[in-house]
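S.K.: Provided below are the primary sequence and the corresponding predicted coordinates.
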Amino acid sequence: MKVGRRRLSHVSHWLPAILITFLTLCANATTIDFYTDGIIQSGDCYDQVNVWNTAAINMTGGIAQSVWTYDSSTFNVQNGSVSLVVSLQNTSIVTILGGEIASLQLLDNSIAYLYGGNITETLATAGMATVHIYGKNFNFIPKYSNGPGWITGNWSDGSFFSIYYRNYEPFPGTHLFLHEIPEPCTLGLVSLGFFTMRRNIKTFRK
């Protein structure tokens, strides 16, 4: 229990710093709606990002305060930061390879695939949403008996991660799936697919 209290105290000090950084770097940030494929890249600053329809958005850099995905859209994160929340609705999908997100929230029938990156606050699921985490050396440190807690482990590149997971349905449920990755090449294959999609989007834009 002492570990949990220290973790909560540590996390609670991050949020003001993240918000100050966002306000400093993105004083003129605006809201953007994506209805077709697009890219969020280095130098981009958005207050709120909304992704609709079947749009696929690749985040390779930049900053957003919040990202909301709807319908059957896809949000792929390789780098950059989201200072408040990424919230998935309907049947939307997020794939996270890197970058930093404060909170990841999944509702309805949405799906998250986590291969890397850093979730500094909370991972939360509700409805029929599912989360797939790909790594190794998994461990769960409960905050309370039969309640939320921290999922720890290593990504395929060996880097350590710790994610505070909260399930808003009866716990434990069928919302969280841990996939052991013995070979580091798996992340490389995912990255290859990500960059292929990015190249196709750039070609489409020309």
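M.R.: Nice, thanks for sending it over. Residues are numbered from 1 along each chain as shown.
S.K.: quick one: low-confidence parts of the chain?
M.R.: 1-25, 27, 145-147, 168-174, 183-206 (pLDDT under 70).
S.K.: now do the strands in it.
M.R.: 30-34, 38-40, 45-51, 56-69, 74-88, 93-96, 100-106, 111-114, 118-125, 130-142, 149-154, 160-167, 176-180 (DSSP state E).
S.K.: got the contact list for S92?
M.R.: 51, 69-75, 110-111 (CB atoms under 8 Å, 6 or more residues apart in numbering). In short, each C-beta sits where N, CA and C put it, glycine included.
S.K.: find the nearest non-adjacent residue to it, please.
M.R.: T69 (3.7 Å; CB to CB, 6 or more residues apart in numbering).
S.K.: please name the bridge partners of the one you found.
M.R.: V51, L88 (DSSP bridges).
S.K.: isn't it up against T91?
M.R.: No - between T69 and T91 there is no contact under CB atoms under 8 Å: 9.7 Å.
S.K.: find residues that contact each of these two.
M.R.: S110.
S.K.: okay, these two: which has more neighbours?
M.R.: T69 (26 against 17; other CB atoms under 10 Å).
S.K.: how far away is the more buried one from W155?
M.R.: 23 Å (CB to CB, to the nearest Å).
S.K.: chain neighbours aside, what residue packs nearest to D47?
M.R.: In space, D47 is closest to A29, 4.2 Å off (CB to CB, 6+ apart).
S.K.: okay, now that neighbour: neighbour count?
M.R.: Neighbourhood size, A29 [other CB under 10 Å]: 17.
S.K.: quick one: V51 from Q41, how far?
M.R.: 15 Å.
S.K.: is it correct that G99 is in contact with S83?
M.R.: No - with contact defined as CB under 8 Å, G99 does not reach S83; the gap is 11.5 Å.
S.K.: ok, those two, which is more surrounded?
M.R.: S83 (23 against 19).
S.K.: I'd assumed S103 was in contact with that one.
M.R.: No - between S83 and S103 there is no contact, the gap being 9.8 Å when judged by CB under 8 Å.
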